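A.B. asks: fold the following for me, if possible:
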Amino acid sequence: MNLFRFLGDLSHLLAIILLLLKIWKSRSCAGISGKSQVLFAVVFTARYLDLFTNYISLYNTCMKVVYIACSFTTVWMIYSKFKATYDGNHDTFRVEFLVIPTAILAFLVNHDFTPLEILWTFSIYLESVAILPQLFMVSKTGEAETITSHYLFALGVYRTLYLFNWIWRYHFEGFFDLIAIVAGLVQTVLYCDFFYLYITKGSRDAWW
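C.D. replies: The predicted structure follows:
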């Protein structure tokens, strides 16, 4: 554990909490892509299937449980609790164009051809593009609510900090994971345009 990874985890957790609070307090999921949230639920489920077989630390286990629980809670809120407020007309990204290629890539490019390793690799690839339905939805509506902007910004900060985490680990531990680094770069690049608008125009006016 290093500072970059710890701060990245906190930023990731902050993004998830902001989204949950936004939905719960407003009693609405307007402006939020249910498809992106389903993809994130798939990501965490596939990545953390080793929850009961591979113990690393209490911190690691707690974070896995929190991510899984929060992702499915968010999906439940969007598609059940506050379903009437879900804007399905604008959430139209074809997620099969993300799931199928990343699944095939996970079979072809992985560290070890075992079920858990393939699922972990699939989760890494899928996470790198899981935000696309949300970004596509924002681009269609032309604007993002303040809290949704904060959520996207916190996610972008999380990925950026994790890139520094990989640099730190390579320099001080000699650890290098090309799959995670490339996927992280792809994901960070997807946030670049939003970062620019968030900073120059302000979160309330972040749009495409």
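
A.B. asks: counting neighbours, what do you get for Leu7?
C.D. replies: Using other Cβ atoms under 10 Å, the number of residues around Leu7 comes to 16. Using the backbone N, CA and C atoms, a C-beta is placed for each residue, glycine as well.

A.B. asks: got the buried residues for the helix or strand hosting it?
C.D. replies: Using DSSP states H and E, Leu7 falls within helix 3-26. The neighbour-count check on helix 3-26 (16 or more other Cβ atoms under 10 Å) flags 4-5, 7-9, 11-16, 18-20, 22-23 as buried.

A.B. asks: quick one: the one helix or strand Thr74 maps to to chain centroid distance?
C.D. replies: Assigned by DSSP H and E, Thr74 belongs to helix 58-76. Mean-position distance between helix 58-76 and its chain equals 12 Å (Cα atoms, centre = their mean, to the nearest Å).

A.B. asks: pLDDT (mean, whole number) over it?
C.D. replies: The average of the pLDDT scores along helix 58-76 is 96.

A.B. asks: just the CA trace of it, in CSV.
C.D. replies: What follows is helix 58-76, C-alpha atoms only, in CSV (Å, rounded to 0.1, in the frame of the first residue of the first chain):
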residue,chain,number,x,y,z
LEU,A,58,-8.9,-6.5,6.4
TYR,A,59,-8.7,-3.3,4.5
ASN,A,60,-8.7,-5.1,1.1
THR,A,61,-11.6,-7.3,2.2
CYS,A,62,-13.7,-4.4,3.5
MET,A,63,-13.1,-2.4,0.3
LYS,A,64,-14.2,-5.4,-1.9
VAL,A,65,-17.4,-5.8,0.1
VAL,A,66,-18.2,-2.1,0.0
TYR,A,67,-17.6,-1.8,-3.7
ILE,A,68,-19.9,-4.8,-4.5
ALA,A,69,-22.6,-3.8,-2.1
CYS,A,70,-22.6,-0.1,-3.2
SER,A,71,-22.7,-1.1,-6.9
PHE,A,72,-25.6,-3.4,-6.6
THR,A,73,-27.4,-0.9,-4.3
THR,A,74,-27.0,1.8,-7.0
VAL,A,75,-28.4,-0.6,-9.7
TRP,A,76,-31.3,-1.4,-7.4
